[in-house]
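A.B. asks: predicted model and sequence below, questions to follow.
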Amino acid sequence: MGREHWKRIWVGSAGNMVEWYDWFVYASFATYFAGAFFPDGNPTAQLMNTAGIFAVGFFMRPVGGWLLGRVGDRKGRKAALTLTVTLMSASAILIAIAPTYAVAGYGGAFVLLVARLLQGLSVGGEYAASATYLTEASDPKRRGFASSFQYVSMTVGQIVGLGLQIVLQRTMSDDALHSYGWRIPFVVGALGAAVIFYLRRAMLETEVYEADETGGEERGTLRALWRHKREAFLVIALTMGGTVAYYTYTTYLTKYLSNSAGLSKQTATLVSFTALIVFACLQPLAGRLSDRIGRRPLLITFAVGSTFLTVPIMTLLKHAGSFWPALGLSLLALVVVTGYTSINACVKAELFPTGIRALGVALPYALANALFGGTAEYVALWFKNAGIESGFFWYVAGCAAVSLVVYVTMRETRDLDLARMDATEPSTLTTAS
C-alpha cells in the first residue's frame, strides 16, 4: 500500500484511539476525582454518583449515532469525522477544568455531566464514521485489512491510558493525584483530539461518497434506513455477541482477575496490558485473512469459540493463581474475539448502500453497544453480587450463540461493490447462498 493509503487508515481510525483513551481514563481515575465533585462523606456514594454520570454517556450513544450518522450521509464522511473529534476535545477540556465541589458546589458535577453527554454523542458517531470511511477509502481487495485498524486504534487508546495511569501512580503521591493529578490525563486527551482535528481537516472525502448521486433528500434519514431495516437488525444481532465478549475480555478483565481470581491489582493490570498489546497486533493479520477467505469464516469461528469456550476460560481464569496462566487464558480468549473485532467494521459498512451507510452502521451499532456492550460489566457484577458469578459466563456464551445463528445465515459481503449497491431497494444479505 502507498503512503496516501496508510495516511487514510491513520486519520480515519485515530479518533477511536482518543475515544477509548478518554473512556479508560474516566473509569480508572474516577477513584481520584469522585471526591472532588461531591460532598465529603461516604466514598462509595461518591463513586456511585460518578459512575451514574459515566453511565449517562451510554444512553447518548444512540442519539450520537443518529445525529452523526445523518451528518455523515448528508454532508460527507469528512464532516462527520471532524465533528466527532471536536466533541471529543470539548468534553476532555470540560473535565480537565471542571470546578470542584468546594469551589462551585454541584456546578462541577453539572460540568462533568455535560462533558459525558458530549462524549456519548461523540462515541455514538465516531465508530460508524470511521468504519464507513475506512471501508470506502480502501482498495476493495483490502477492506478487511484497512478496517481492522479501527480496533487497533481502540486498543492502543486503552494501552496509552493504562500506561499513563501507571506512570502517574509511580511519579505522584496519592494526595497529589486526588488533588490535581487526575486532571492531567484529560488535558492529554484534549491535546490528542486537537491534533486529530488538525489532521482530519486536511483529509480527502472518499471517492465512493463523492460519486454517489442516489438518495436525494432522503440521504441519511430514518425513512431511508427503514427500507433497510433487515440490515439494521442484522447489525444489532451480529454486534450482540461480539461487543459483550470484547468488553468482557478487555475492560472487565482486570477487575475480574483482581476481584474474583485473587491476583494483585499490579499483576492483573500487567496481564491486561500485555494481552492488549498482542491483541492489537492480531487485528491486521485477521483482517487481511478475511480479504482472502471471506468475512463469514472469521465471524463463525469467533461465535463458535465464544459459545463453547467462554465458560471454561472464565472458570479457569478464576483459578489461574499467577501471571502466566492468566495471560495464556486471556490471550486464548482474545484470539477468539479477534474473529469479530478485526472485521466487524467493514462487514457492517458492506451491508448498506452509500446514501444510508453511515446512519445504517451508526444507529443499530450504538443501540446494540448500549444494550449489550455497555452493560456487560454491570451484568457481571450483578451475577457476582447475587452469588452466581458463573451465570455471567453463560450469558456471554448465550449472546455469542445468538450471533452465531446470524453469521451462519447471512451472505458473504467481501466481494460486494460498494458503489453499485441500490439505495432504494433492500438487499438480500440475510440469506446464505
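C.D. replies: Now that the structure is in, tell me what you want to look at.
A.B. asks: neighbours around the closest residue to residue 359 other than its chain neighbours, how many?
C.D. replies: Nearest non-adjacent residue to residue 359, counting by Cβ to Cβ, 6 or more residues apart in numbering: residue 69, 3.4 Å away. Yep, even glycine has a C-beta here, placed from its N, CA and C like the rest. By other Cβ atoms under 10 Å, 30 other residues sit near residue 69.
A.B. asks: OK, contacts around residue 69?
C.D. replies: 80, 125, 128, 129, 220, 358, 359, 360, 361, 362, 363 (Cβ atoms under 8 Å, 6 or more residues apart in numbering).
A.B. asks: wait, what's in contact with the fifth one?
C.D. replies: Applying Cβ under 8 Å, 6+ apart, one finds that residue 220 lies in contact with 69, 70, 71, 72, 73, 74, 355, 356, 358, 359.
A.B. asks: how close does residue 338 get to residue 361?
C.D. replies: 20 Å (Cβ to Cβ, to the nearest Å).
A.B. asks: so for these two, which residue has more residues nearby?
C.D. replies: Each of residue 338 and residue 361 has its neighbours counted (other Cβ under 10 Å); residue 361 has more, 32 against 26.
A.B. asks: surely the more buried one and residue 133 touch.
C.D. replies: No - using Cβ atoms under 8 Å as the test, residue 361 is too far from residue 133 to be in contact (10.8 Å).
A.B. asks: and after the helix or strand containing residue 234, which helix or strand comes next?
C.D. replies: Using DSSP states H and E, the element containing residue 234 is helix 229-249. The first helix or strand that comes after helix 229-249 along the chain, using DSSP H and E, is helix 253-259.
A.B. asks: which helix of this protein spans the most residues?
C.D. replies: Assignment by DSSP state H gives helix 3-37 as the longest helix of the chain.
A.B. asks: how far does that one sit from the chain's center?
C.D. replies: Averaging C-alpha positions (Cα atoms, centre = their mean, to the nearest Å) puts helix 3-37 10 Å from its chain's average.
A.B. asks: repeat for stretch 202-217
C.D. replies: 25 Å.
A.B. asks: buried residues in that stretch, which are they?
C.D. replies: 203, 206, 208, 209, 212, 215 (16 or more other Cβ atoms under 10 Å).
A.B. asks: contacts for it?
C.D. replies: 8, 11-12, 73, 76-78, 81, 133, 136-137, 224, 353-356, 418-419, 422-424.
A.B. asks: whichever of these end up buried, select them in PyMOL.
C.D. replies: Of the contacts of stretch 202-217, the buried ones can be selected in PyMOL as follows, counting by 16+ other Cβ under 10 Å:
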select buried, resi 8+11+12+73+76+77+78+81+133+136+137+224+353+354+355+356+418+423
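A.B. asks: circling back to that earlier point, which of the buried residues of stretch 202-217 sits closest to residue 254?
C.D. replies: residue 203 (34.7 Å; Cβ to Cβ).
A.B. asks: three-state assignment of that closest one?
C.D. replies: Counting by DSSP: H, G, I helix; E, B strand; the rest coil, the backbone at residue 203 sits in coil.
A.B. asks: what of residue 263?
C.D. replies: On the basis of three-state DSSP, residue 263 is classed as coil.
A.B. asks: how many neighbours does it have?
C.D. replies: So residue 263, with other Cβ under 10 Å, has 22 neighbours.
A.B. asks: got it, and residue 274?
C.D. replies: Residue 274 - counted by other Cβ under 10 Å - has 16 other residues nearby.
A.B. asks: ok, it to residue 125 distance?
C.D. replies: 32 Å.
A.B. asks: next one: residue 101
C.D. replies: 32 Å.
A.B. asks: for the helix or strand bottoming out on mean pLDDT in the chain, which positions count as buried?
C.D. replies: Ranked by mean pLDDT, DSSP states H and E, the weakest helix or strand in the chain is helix 43-74, scoring a mean of 82. Neighbour-count burial for helix 43-74, counted by 16+ other Cβ under 10 Å, picks out 46, 49-50, 53-54, 57-58, 60-74.
A.B. asks: quick one: stretch 180-200 to chain centroid distance?
C.D. replies: Distance of stretch 180-200 from the chain centroid (Cα atoms, centre = their mean) equals 18 Å.
A.B. asks: ah, wrong one, I meant stretch 230-248
C.D. replies: Worked out by Cα atoms, centre = their mean, stretch 230-248 lies 12 Å from the chain centre.
A.B. asks: try stretch 173-191
C.D. replies: Put simply, stretch 173-191 sits 24 Å off its chain's centre (Cα atoms, centre = their mean).
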